[in-house]
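1. Let me see the structure of the following:
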Amino acid sequence: MKQTPFAFGCRPVLLCFLSVMLLTPRLVIAQNEWCGTMHRTNQLIEQDLNYATQFEDFKNHLRDLADAYAVSNREVQANPIIYIPVVFHIVHNGDAIGTGENISDEQVISQLPALDRDFNGLDPDQVNVPQPFQALVGNVGFKFCLAKFDPDGNPTTGIIRHQFAQTTWNTETDIDQNLKPATIWDRNRYLNIWSVRMGGDLASNGVLAYSSFPFFGNANADGIVARYNTVGTTGSIMAGFQKGKTLSHEAGHYFGLLHTWGTGPGCGDQGDFVADTPDQDDLNFGCPAFPRVSCANSAPNGDMFMNYMDYSDDDCRNMFTLGQTSNMRGIIDGFRTALKTASTQCFYNLDASIVKAIVPKDTICSLNFTPVVILKNEGQTTLTSATFYFQIDGGGVQVFNWSGSIASQSELGIFLPAQSVAAGAHTFDVSVGSVNSQASDNFAGNNEAATTFYAYAGSAAGSIPVSEGFENGLPVADWSILNPNSDATWEPEFYGAYGLSSACMKIDNFSYLTNPNKKKDAIITAAWDLSAATNPELKFDVAYARRDSIKSDSLNVYYSLNCGSSWTKIWNQKGSELATAPNQTTLFTPSPSDWKTVTIPLSGLGGFSKVSFKFENVTGWGNVLYLDNVNITNSIALAVNNPSEDVVNIYPNPASGLISVRLPFSHPYHTVSVLNYLGKVVAEQKVLGSALIFDLHDNSNGVYFIQLKGNSTVRTQKIIIAH
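-> Next up, the predicted model:
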């Protein structure tokens with residue numbers, strides 16, 4: 001992180017990340033300038049003293065941003081979304097689209113969700129962030145979109161193809177002085193990204209990508225350049241770089257971030273001018289073990305090698321920090337203000353999009369159903385009305401006129417008129433036509449959806465309450481056992497929970513002679529009618545002991561609304577969390593005190609006419625698992641967080657993992673989010689009905705907030721998780 005004189009250059013930079021200990025034919029190069037950003041910066045400084053002065057001024061600005069963050073209370077607010085218009089310049093020498101460096105539209109488009117993931121704290125790999133750094137994970141709040149309009153206002157896909165005579169681009173100078181000025185779009189309105197085939201010095205030095213820093217240097221060279229096979233997450237991608245994090249790293253530079261070690265190696269300097277990234281001597285490769293301490297003053301936690309601005313492998317980098325988030329938002333409020341206000345390049349004025357059909361889909365457990373489609377407002381103008389046209393099996397077209405309000409970039413579930421079909425396979429087609437009293441919207445490419453489904457009459461759903469104690473074992477009417485390996489599975493056992501009955505079900509994970517390798521066996525219940533249930537809940541009793549800390553098993557609980565065609569997990573425990581008794585190296589037999597009762601709120605399933613459940617054992621070659629007393633009732637008394645605001649009920653509070661949010665029949669909310677105490681969204685659902693269930697078993701104990709958002713209202717209620 002040491003700020004060495006520029007005459008020494010900067011320690012070579014990789015963007016994304018091969019361990020030099022694992023050089024393979026995919027990229028047989030020296031440990032070199034894999035991210036060429038600082039190398040190019042140093043070249044320009046050597047060529048132009050004015051550039052050197054500008055870069056020093058830029059670092060002083062970063063220092064000011066870091067100082068401001070350091071003296072703030074660091075209270076994290078939900079950052080408003082800033083939309084970044086992007087234009088991709090695909091540079092080639094005549095190859096057909098989808099071959100060579102003339103990469104496909106699909107490959108380009110796949111980069112956008114990767115950028116959104118990384119700049120909005122949604123990287124699933126964040127579960128691997130070490131505990132000391134978890135509270136520092138930031139949500140920048142940038143969303144990237146392909147530009148909808150070119151600089152002259154004409155419609156565009158945001159993917160522009162340029163054919164040049166030369167096959168490769170061999171130096172940054174050639175690219176910055178010849179390619180970029182000939183192709184760049186207004187840097188004040190677009191993030192320009194060039195996809196090229198690199199050769200010459202760039203190839204021999206192993207450069208994967210490089211970026212300009214914010215708003216100094218040549219205006220016609222502002223943007224990001226990347227090897228064509230580091231763009232996106234699908235298509236022609238270099239092995240080891242399939243997660244799109246090459247451009248996330250470079251976009252970090254574009255918005256003002258330095259590498260985590262700064263402008264050169266060394267400890268004890270100001271490094272990257274970010275308040276909460278630890279002092280770091282130099283870059284990291286591969287996937288270091290935590291802690292990796294390169295500077296004594298950053299002990300005991302050491303380097304933040306999982307940061308996007310380091311060089312660790314894609315699988316090991318998963319976060320920007322709160323300080324980096326603050327710096328990048330400071331940059332876009334300062335150096336790149338014009339780009340911030342150019343978000344209108346991302347959207348048409350009026351654009352209604354049918355995202356998908358929720359019902360019907362796959363298999364439905366009835367010959368009568370109400371179609372539900374998700375309508376998204378992809379435009380800038382609030383949607384207030386739309387006409388839907390739909391048909392089943394190519395029959396007569398039905399028309400439904402909807403009115404309401406959907407804000408820009410929001411979604412709503414639209415319920416179409418009820419339908420009846422015969423048993424068997426069917427097709428369902430739906431489109432949206434007249435929007436806001438206009439004959440059509442500004443973009444027809446997202447106005448339709450189609451799905452195939454199978455309608456199954458089946459047996460009538462049972463009524464609740466339900467109480468199954470397995471006194472007669474299985475089969476129970478309409479219950480079944482899923483045993484895909486046709487070997488040992490769930491079976492009756494003749495003693496019950498808490499010593500109060502004479503039977504239960506068990507599955508023996510202990511007696512396998514060889515490792516069963518996560519074999520899954522399940523009990524699938526009958527379907528029950530919850531259409532009249534306002535506050536249903538599922539209860540069951542379980543007893544379990546692990547064999548040891550390594551050999552242990554899991555129990556998952558799912559529900560299905562479509563005859564088992566698809567399942568949604570609502571509960572999971574494994575290992576010590578599931579255990580009700582100490583580890584046992586012999587076959588576990590529970591005593592009356594070795595049981596516990598699990599309660600799962602099902603408010604989100606109230607109103608559905610056919611709901612079935614699955615209890616799935618996943619064996620880890622552990623010990624015997626016992627299940628008893630499956631009950632479904634409609635007797636939950638919902639806890640009201642604030643009696644003066646009793647329109648929203650949250651149950652239970654405190655909660656052990658599952659939270660039910662119950663809304664009144666009429667309410668203004670379209671989205672419900674769960675935020676941790678730092679303001680980071682840890683779970684979010686669109687409101688399609690009057691109740692939602694959140695599974696927070698994987699979240700740590702503490703204070704959380706339920707945030708309900710409407711078009712013009714936001715409401716927050718506190719809840720406590722205590723496992």
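2. tell me the contacts of residue 499?
-> 591, 592 (C-beta atoms under 8 Å, 6 or more residues apart in numbering). Bear in mind the C-beta positions are built from the backbone N, C-alpha and C, glycine included.
3. go with 6 Å
-> residue 592 (C-beta atoms under 6 Å, 6 or more residues apart in numbering).
4. Same check on the one 4 residues further on?
-> Residue 503 makes contact with 470, 471, 492, 494, 496 under the criterion C-beta under 6 Å, 6+ apart.
5. Highest neighbour count among those?
-> residue 470 (25 neighbours; other C-beta atoms under 10 Å).
6. so it sits right up against residue 506, yeah?
-> No - using C-beta atoms under 6 Å, residue 470 makes no contact with residue 506, being 9.8 Å away.
7. In TSV, list the contacts of residue 503 along with pLDDT, secondary structure and distance to residue 403.
-> Rendered in TSV, the data for the contacts of residue 503 read as follows (pLDDT from 0 to 100; DSSP: H, G, I helix; E, B strand; the rest coil; distance: C-beta to C-beta, whole Å):
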residue	pLDDT	secondary structure	distance to residue 403
470	95	coil	51
471	91	coil	55
492	95	strand	56
494	91	coil	61
496	93	coil	56
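8. got any ranges where this protein has weak pLDDT?
-> Counting by pLDDT under 70, the chain shows low-confidence ranges at 1-33, 70-78, 635-647, 665, 677-679, 689-690, 723.
9. which non-adjacent residue is nearest the residue sitting nearest the centre point of it?
-> Ranked by distance to the mean C-alpha position of the chain (C-alpha atoms, centre = their mean), the top residue is residue 122 at 4.3 Å. Leaving aside its sequence neighbours, residue 122 sits nearest to residue 116 (C-beta to C-beta, 6 or more residues apart in numbering; 7.3 Å).
10. And for the one you found, the neighbour number?
-> That count, for residue 116 with other C-beta under 10 Å as the rule, works out to 18.
11. again with the one 3 residues further on
-> Residues contacting residue 119 under the criterion other C-beta under 10 Å number 26.
12. Same question for residue 127.
-> With other C-beta under 10 Å as criterion, residue 127 counts 9.
13. Check the gap between it and residue 306 for me.
-> 11 Å (C-beta to C-beta, to the nearest Å).
14. go on, residue 245?
-> On the measure of C-beta to C-beta, residue 245 and residue 306 end up 11 Å apart.
15. Same question for residue 406.
-> 38 Å.
16. higher neighbour count, those two?
-> Counted by other C-beta under 10 Å, residue 406 and residue 306 do not tie: residue 306 has more neighbours, with 26 against 21.
17. pretty sure that one is in contact with residue 318, am I right?
-> Yes - taking C-beta under 6 Å as the definition, residue 306 is a contact partner of residue 318 at 5.4 Å.
18. in the helix or strand harbouring the residue nearest to residue 122, what's buried?
-> Counting by DSSP states H and E, the element that carries residue 116 is helix 111-119. By 16 or more other C-beta atoms under 10 Å, the buried positions in helix 111-119 come out as 111, 112, 114, 115, 116, 117, 118, 119.
19. circling back to that earlier point, of the contacts of residue 503, which is the nearest to residue 402?
-> Comparing those against residue 402 with C-beta to C-beta picks out residue 470 as the nearest, at 47.8 Å.
20. So for stretch 683-697, what gets flagged as buried?
-> Buried, per 16+ other C-beta under 10 Å, within stretch 683-697: 683, 686-697.
21. now, which of these lie within helices?
-> Residues from the buried residues of stretch 683-697 lying in helices, with DSSP state H as the criterion: none.
22. Need the max-distance pair from these.
-> Of all pairs drawn from the buried residues of stretch 683-697, the greatest distance, 23.8 Å, lies between 690 and 697 (C-beta to C-beta).
23. Could you pull up the residues touching residue 335?
-> Applying C-beta under 6 Å, 6+ apart, the residues contacting residue 335 are 214, 215.
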